[in-house]
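Chemist: sequence and predicted structure, then a few things I'm wondering about:
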Amino acid sequence: MPDATVVLTGATTGIGRATALSIADRAGHLILHGLEQEHEIADVLDAVRAAMRPDARLTYFAADYGDLADVTRLAVRIREATERIDILINNAARPGPPTRTISRAGNEITFQTNYLAPVLLTTRLIDLIGDGSRGRIVNVASATHLSATLFLDDLDLARHAYSPSTAYAHSKLALVAYSCWLAAHRPSRSIDVVSMHPGVIATRLLHAMFSIAGDRPEHAAANIRYVAMRRDDNGVYYDERTPEPPNPQASDEATQDRLHDITLRALHDQF
């Protein structure tokens with residue numbers, strides 16, 4: 001899709017930055033999101049722009065996923081910048097903080113950043129995705145979701161033992177479950193919804209929670225590019241480039257439906 005309009009979140013550091021550089025040559029209009037203001041990441045944007053075709057467009061928006069109103073404003077700005085989205089890559093994420101932290105909206109901050117925010121953004125943009133052509137949503141998750149348990153009665157982890165890695169895996173399990181739900185309830189058959197584990201990657205996010213080594217961000221970027229360019233695989237969870245079964249909770253329709261209902265209530269003020 002050499003003329004694709006691609007939206008990539010969390011695009012200024014780590015996996016996101018490497019992915020922006022990897023897909024730059026395939027985009028006719030590349031819309032990037034990051035936490036930093038544009039002048040703070042001018043070098044990143046210059047590198048991405050240099051990797052793009054001369055006739056391609058690059059747009060950047062800053063937004064803080066710790067503030068759901070900021071995510072809503074991001075969606076509005078993206079809608080002002082384009083009438084169509086071919087590929088939405090929800091990559092933005094954060095590690096669990098050292099201690100349980102509640103956002104201004106009353107949500108556990110990891111769950112809000114890694115789950116509620118991308119769901120909100122996707123919902124606000126979905127009518128632009130695949131409008132008149134094929135569309136694709138790629139939700140970047142983590143293999144840590146496989147060993148997690150989704151606490152539908154305690155999504156903010158108020159009554160369960162908290163750790164940074166538990167909060168992170170919990171949020172990513174929710175994201176995979178949402179991906180499965182959306183794949184079954186997509187508004188158009190021209191949209192494919194997938195989720196993926198991009199690899200164990202040596203980033204600040206990884207090292208904030210785990211004392212392990214990892215591959216370079218370019219490894220994850222190549223996997224994300226591969227998955228982003230595939231077609232006719234709606235509902236698939238990828239372990240890097242290989243389709244694999246997700247956590248059974250994510251595949252359970254009753255769990256998906258209950259999570260969806262809770263999510264709509266949590267995001268009610270943003271619709």
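Modeler: Cool, got the structure. Because the structure is predicted, anything quoted here is derived from the model rather than measured.

Chemist: can we go C-alpha only for contacts and neighbour counts from here?
Modeler: Will do.

Chemist: where exactly do the helices run in the stretch 1-150 of the chain?
Modeler: Listed in chain order, the helices of the stretch 1-150 of the chain (DSSP state H, counting those that start in this stretch) span 14-23, 42-51, 68-81, 109-111, 117-125.

Chemist: report the angle between the helix ranked longest in the chain and helix 117-125.
Modeler: Selection of the longest helix in the chain by residue count, based on DSSP state H, yields helix 164-184. For helix 164-184 against helix 117-125, the angle by axes from the mean of the first three to the mean of the last three C-alpha atoms, to 10 degrees is 20 degrees.

Chemist: thinking residue 134 is in contact with residue 191, fair?
Modeler: Yes - contact status for residue 134 versus residue 191: in contact at 6.0 Å, counting by C-alpha atoms under 8 Å.

Chemist: so for those two, which sits in the more crowded spot?
Modeler: When neighbours are counted by other C-alpha atoms under 10 Å, residue 134 and residue 191 differ, and residue 191 comes out ahead with 25 against 17.

Chemist: just the CA trace of the strand or helix carrying residue 192, in PDB.
Modeler: Assigned by DSSP states H and E, residue 192 belongs to strand 191-197. Extracted C-alpha coordinates of strand 191-197, given in PDB (Å, rounded to 0.1, in the frame of the first residue of the first chain):
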ATOM      1  CA  ILE A 191     -11.700  -3.900   8.200                       C
ATOM      2  CA  ASP A 192      -9.300  -6.500   9.700                       C
ATOM      3  CA  VAL A 193      -8.500  -6.300  13.400                       C
ATOM      4  CA  VAL A 194      -5.500  -8.100  14.800                       C
ATOM      5  CA  SER A 195      -3.300  -8.000  17.800                       C
ATOM      6  CA  MET A 196       0.300  -9.000  18.200                       C
ATOM      7  CA  HIS A 197       3.400  -9.600  20.400                       C
END
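
Chemist: and the next element down the chain from the lowest-mean-pLDDT helix or strand in the chain?
Modeler: Least confident helix or strand of the chain, by mean pLDDT, DSSP states H and E, is helix 204-209 with a mean of 59. Moving toward the C-terminus from helix 204-209, the next helix or strand (DSSP H and E) is helix 217-228.

Chemist: for that following helix, name the packing helices and strands.
Modeler: Other helices and strands packing on helix 217-228, by 3 or more C-alpha pairs under 8 Å, 6 or more residues apart in numbering; DSSP states H and E, are helix 14-23, strand 135-140.

Chemist: what's in contact with that helix?
Modeler: For helix 217-228, the external contacting residues (C-alpha atoms under 8 Å, 6 or more residues apart in numbering) are 14-16, 18-19, 22-23, 87, 89, 136-138, 198-203, 238, 240-241.

Chemist: tell me the buried residues in that helix?
Modeler: Judged by neighbour count (16 or more other C-alpha atoms under 10 Å), helix 217-228 contains these buried residues: 217, 218, 219, 220, 221, 222, 223, 224, 225, 227, 228.

Chemist: OK, contacts around the residue nearest the centre of the chain?
Modeler: The centroid of the chain falls nearest to residue 90 when counting by C-alpha atoms, centre = their mean (2.2 Å). Residue 90 makes contacts with 8, 9, 10, 118, 137, 138, 139, 140, as judged by C-alpha under 8 Å, 6+ apart.

Chemist: residue 101 now?
Modeler: By C-alpha under 8 Å, 6+ apart, residue 101 lies in contact with 108, 109.

Chemist: picking that back up, among the contacts of residue 90, find me the one that's closest to residue 50.
Modeler: residue 8 (17.3 Å; C-alpha to C-alpha).

Chemist: measure that closest one to residue 89 for me?
Modeler: For residue 8, the distance to residue 89 equals 5 Å [C-alpha to C-alpha, to the nearest Å].

Chemist: what separates stretch 235-248 from the chain centre, distance-wise?
Modeler: Its chain's average C-alpha position is 16 Å from that of stretch 235-248, according to C-alpha atoms, centre = their mean, to the nearest Å.

Chemist: check stretch 10-24 too.
Modeler: For stretch 10-24 - counting by C-alpha atoms, centre = their mean - the centre lies 12 Å from the chain centre.
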